[in-house]
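K.L.:
fold the following and give me the result.
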Amino acid sequence: MTLLDDFALRAALAGLGVALAAAPLGCFVVWRRMAYFGDATAHAAILGVAISLAFSLPVFPAVLAVALIMALTVSALTDRGHGLDTILGVLAHSALALGLVAVSFLQGVRIDLMAYLFGDILAVTRGDLAVIWGGAAAIWALLYARWGALLTATISPDLAYASGINPKREARILTLALALVVAVAIKVVGVLLISALLLIPAATARRFAHTPEAMAGIAAGIGAISAFGGLAFSFIYDTPSGPSIVCIAAGLFCVASIFGVIRRST
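P.N.:
Next comes the predicted model:
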């Protein structure tokens, strides 16, 4: 029973850490309409997994490096006038396909590909917890230091320039934070569901918040509820934990949408 409590507690703490890290960034993803940007960065993570296994490196730094390279590549190509939706479509699917092909070439390495694609929160170790909460703390510290500048650059690049803020620099700071959240979330929800955990709580919180700060806080709460609810559902019905977390988040979004329709009609 002690062992059961131990891994359940680690899973709950991991889900909470990722929810707290993803929530404020998800708000910027929603505000900037960067949904596919998150997809491209997350899909590149599987290539980082292949590199880490091929060269016997820790998974976290390899995934972080590849996700960061992908994010900076997208930003650079966008700055040169290329269509953002086309770039993201090409790079997201190419990175995922390249990563899967690279994994297939690994000889003598046993890999649970499903765990990286959809997460394996029940297998989180104490070391993983340290990485997740360390990453979450770094993201919150970064956002605390740059919140005003990031928000101004998001609202209006012209206003940012007038205020002495470089919007391109703030965009790169945001890409760094997104790459970091992808690296810490891969163990919990996997590369295919990271974008959902970024987007859905923020989109749900948008219906209730009246200020950007309130939206980030509400999104964090919704993310935490989704993590705990998804884990409970997974334990009771023996379903995959990562997809269960996203399903709970999607259910909360549906409830919020229905509530919003009812409130507007009265």
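
K.L.:
going forward, measure contacts between C-alpha atoms and count neighbours the same way
P.N.:
Fine.

K.L.:
show me where the stretch 101-250 of the chain has helices.
P.N.:
113-118, 126-155, 157-162, 167-189, 194-205, 212-237, 241-265 (DSSP state H, counting those that start in this stretch).

K.L.:
what sits closest to residue 244 if chain neighbours are left out?
P.N.:
Distance criterion CA to CA, 6 or more residues apart in numbering; nearest residue to residue 244, sequence neighbours excluded, is residue 230 at 4.7 Å.

K.L.:
got a list of what the one you found touches?
P.N.:
241, 242, 243, 244, 245, 246, 247, 248 (CA atoms under 8 Å, 6 or more residues apart in numbering).

K.L.:
what do you get if the cut-off is 7 Å, keeping everything else the same?
P.N.:
Contact analysis of residue 230 by CA atoms under 7 Å, 6 or more residues apart in numbering lists 241, 244, 245, 248.

K.L.:
pretty sure the first one contacts residue 231?
P.N.:
Yes - because the distance of 5.8 Å satisfies CA atoms under 7 Å, residue 241 is recorded as touching residue 231.

K.L.:
before we move on, back to that, nearest to residue 30, of the helices of the stretch 101-250 of the chain?
P.N.:
helix 194-205 (6.6 Å; CA to CA).

K.L.:
quick one: low-confidence residue ranges for the stretch 101-250 of the chain.
P.N.:
Scanning the stretch 101-250 of the chain for pLDDT under 70 picks out the ranges 108-111.

K.L.:
ok, back up a step: could you dump the contacts of residue 230 to TSV with neighbour count?
P.N.:
TSV is the format used below for the contacts of residue 230 (neighbours: other CA atoms under 10 Å):
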residue	neighbour count
241	25
244	22
245	29
248	21
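
K.L.:
tabulate the residues you listed (JSON lines), appending distance to residue 89.
P.N.:
Formatted as JSON lines, those follow (distance: CA to CA, whole Å):
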{"residue": "241", "distance to residue 89": "28"}
{"residue": "244", "distance to residue 89": "26"}
{"residue": "245", "distance to residue 89": "26"}
{"residue": "248", "distance to residue 89": "27"}
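
K.L.:
the residues you listed: which two are farthest apart?
P.N.:
Using CA to CA, the two most remote members of those are 241 and 248, lying 10.6 Å apart.

K.L.:
got a list of what the nearest residue to residue 15 once chain neighbours are set aside touches?
P.N.:
Using CA to CA, 6+ apart and skipping residues adjacent in sequence, the residue nearest residue 15 is residue 227, 5.1 Å away. Going by CA under 7 Å, 6+ apart, residue 227 touches 15, 16, 245.

K.L.:
make it 8 Å
P.N.:
Neighbours of residue 227 in contact, by CA under 8 Å, 6+ apart: 12, 15, 16, 19, 245, 248.

K.L.:
okay, those residues in CSV with distance to residue 72 next?
P.N.:
Shown next, in CSV, are these (distance: CA to CA, whole Å):
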residue, distance to residue 72
12, 32
15, 27
16, 28
19, 24
245, 29
248, 32
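
K.L.:
residue 93 reaches residue 40, doesn't it?
P.N.:
Yes - contact criterion CA atoms under 8 Å: residue 93 and residue 40 qualify, at 7.5 Å.

K.L.:
these two: which is more packed in?
P.N.:
Neighbours were counted for residue 93 and for residue 40 using other CA atoms under 10 Å; residue 40 has more, 26 against 15.

K.L.:
what is the burial count for residue 104?
P.N.:
Neighbours around residue 104, by other CA under 10 Å: 12.

K.L.:
now swap in residue 32 and tell me
P.N.:
Around residue 32 there are 12 residues (other CA under 10 Å).

K.L.:
now the one 4 residues further on
P.N.:
Using other CA under 10 Å, the number of residues around residue 36 comes to 17.

K.L.:
I'd say residue 202 and residue 26 touch.
P.N.:
Yes - if you go by CA under 8 Å, residue 202 and residue 26 touch, sitting 5.5 Å apart.

K.L.:
if we can go back for a sec, what's the closest of the helices of the stretch 101-250 of the chain to residue 36?
P.N.:
helix 194-205 (8.2 Å).
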